[in-house]
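K.L.:
sequence and predicted structure are below.
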Amino acid sequence: MSPRIDLHTHSTASDGTDSPTDLVVAAAAAEIDVLAITDHDTTAGWREASAALPPGMTLVPGAELSCVSESGAGGANTAGRRISVHLLAYLFDPNAEGVVTEQRRLRAERRSRLRTMAERMAADGVPIDPDELLGALPADAPAGRPHLARALIDAGLASSVDEAFASYLGGGRGYYVPRSDTPVLRAIDMINDAGGVTVLAHPLAYSRGPTVSLATIAEMAAHGLTGIEVDHPNHDQPTREKLRALAAELDLLPTGSSDYHGTNKDIPLGAETTDPDVFADLVSRATGCGVVAGAAG
Ligand code: AMP
Ligand code: FE
Ligand code: FE
Ligand code: ZN
């Protein structure tokens, strides 16, 4: 039987509900042979997932980088607009200078952005203490609005994270400050320089907001992008066909993945998978770090 390969999953190192250990245990139960761990903007889960790997399973260290495309979008009314894009990065050296420097910049930016949001609230009479908020942030995870949501709940101002987003953390109330994500072409360079490979995550997931144009994907391909996620739960059949044709045209590797988030989403591990030959091609192009094989039993 050909191996089952799922190249996009999240753990509690970002916004999944399974610890890295539980993630690989769940993957074994789902008869996954090759699992990539791709937490948002962090490699913090790699070590634990590697240590928990059962015999016969292969782990692909990765991350899903929050990026911005400045080349405009596909739909109407979006020309020239900055589009948020997710870039899957695999098998890069997490200690490469470019990666470390960018992570440090993003972490600092996220903290000061959260402080500004808290200060705007405090100035408006919302009982949130910016110093207290900053002091309580985890040292090892990117700070984000979910932390401020938690503080609002603790202060009795919201009853759930969703309510905190709806009432305080969206664009409506004037507290929101945008993130300063990495420009996607810079992120592609950074991962290539770190010996890794990049795959554009859910390129045409319309339900998530504005998406990039096919011309912008071609621009990324010319810039050294390795693949695009074709089979993703947010892509319908015509979208997959369009992306498969684009991958063939641009010589991009077409991957498939579940984007598993534990109980935060309904999609099970292995709901979408990657062709073994495509996976072998992907691995052959990476030099930053190796895949991790579960110790033989
Ligand atoms: P940030 O990265 O600081 O802009 O915060 C966005 C993060 O908050 C996303 O990764 C979401 O997973 C999380 N989040 C949780 N609940 C919500 C919600 N109701 N609306 C938007 N984002 C949410
Ligand atoms: Fe997520
Ligand atoms: Fe994503
Ligand atoms: Zn994801």
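P.N.:
Thanks, I have the structure now. Ligands and ions are numbered 1, 2, ... in the order given.

K.L.:
now the helices: where do they sit in the stretch 51-200 of the chain?
P.N.:
Along the stretch 51-200 of the chain, counting by DSSP state H, counting those that start in this stretch, helices occupy 97-123, 130-135, 145-154, 161-164, 184-193.

K.L.:
make CSV out of these and add mean pLDDT.
P.N.:
Formatted as CSV, the helices of the stretch 51-200 of the chain follow (pLDDT from 0 to 100):
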stretch, mean pLDDT
helix 97-123, 95
helix 130-135, 95
helix 145-154, 94
helix 161-164, 94
helix 184-193, 98
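
K.L.:
can you put those in CSV and add distance to ligand 3?
P.N.:
In this view, the C-beta of every residue, glycine as well, is placed from N, C-alpha and C. Output for the helices of the stretch 51-200 of the chain, formatted as CSV (distance: least, C-beta to the ion, whole Å):
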stretch, distance to ligand 3
helix 97-123, 16
helix 130-135, 26
helix 145-154, 15
helix 161-164, 18
helix 184-193, 13
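
K.L.:
among the ones you listed, which is the most enclosed?
P.N.:
Stretch with highest mean neighbour count among those: helix 184-193 (a mean of 22; mean count of other C-beta atoms under 10 Å).

K.L.:
can you name every helix or strand that it contacts?
P.N.:
strand 58-69, strand 83-90, helix 97-123, strand 197-200, helix 214-222 (3 or more C-beta pairs under 8 Å, 6 or more residues apart in numbering; DSSP states H and E).

K.L.:
how about the secondary structure of Ser11?
P.N.:
Here Ser11 is recorded as coil under DSSP: H, G, I helix; E, B strand; the rest coil.

K.L.:
what's the burial count for it?
P.N.:
For Ser11, the count of nearby residues is 28 (other C-beta atoms under 10 Å).

K.L.:
what's it in contact with, if anything?
P.N.:
18-20, 22-23, 37, 39, 45, 49, 262 (C-beta atoms under 8 Å, 6 or more residues apart in numbering).

K.L.:
about what we covered before: now the helices and strands packed on helix 184-193 as JSON lines including distance to ligand 4?
P.N.:
As requested, these are exported to JSON lines (distance: least, C-beta to the ion, whole Å):
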{"stretch": "strand 58-69", "distance to ligand 4": "5"}
{"stretch": "strand 83-90", "distance to ligand 4": "6"}
{"stretch": "helix 97-123", "distance to ligand 4": "17"}
{"stretch": "strand 197-200", "distance to ligand 4": "11"}
{"stretch": "helix 214-222", "distance to ligand 4": "18"}
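
K.L.:
need the ones you listed in CSV (columns: distance to Asp33).
P.N.:
Output for those, formatted as CSV (distance: least, C-beta to C-beta, whole Å):
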stretch, distance to Asp33
strand 58-69, 7
strand 83-90, 16
helix 97-123, 28
strand 197-200, 19
helix 214-222, 28
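
K.L.:
and of the ones you listed, who's closest to Leu169?
P.N.:
Across those, the minimum distance to Leu169, taken as C-beta to C-beta, is reached by helix 97-123, at 7.6 Å.

K.L.:
what is the closest one packed up against?
P.N.:
helix 130-135, helix 145-154, helix 184-193.

K.L.:
please save the CA atoms from stretch 8-23 in CSV.
P.N.:
Extracted as CSV, the C-alpha positions of stretch 8-23 are listed here (Å, rounded to 0.1, in the frame of the first residue of the first chain):
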residue,chain,number,x,y,z
HIS,A,8,0.0,20.3,7.1
THR,A,9,-1.0,19.9,10.8
HIS,A,10,-1.1,22.0,13.9
SER,A,11,-0.4,21.2,17.6
THR,A,12,-0.7,23.2,20.8
ALA,A,13,2.5,24.9,19.8
SER,A,14,0.1,27.1,17.8
ASP,A,15,-3.6,26.8,17.5
GLY,A,16,-4.2,23.0,17.5
THR,A,17,-5.7,21.2,20.4
ASP,A,18,-3.3,18.1,20.4
SER,A,19,0.0,18.4,22.1
PRO,A,20,2.9,17.5,19.7
THR,A,21,2.9,14.0,21.4
ASP,A,22,-0.8,13.6,21.0
LEU,A,23,-0.6,14.7,17.4
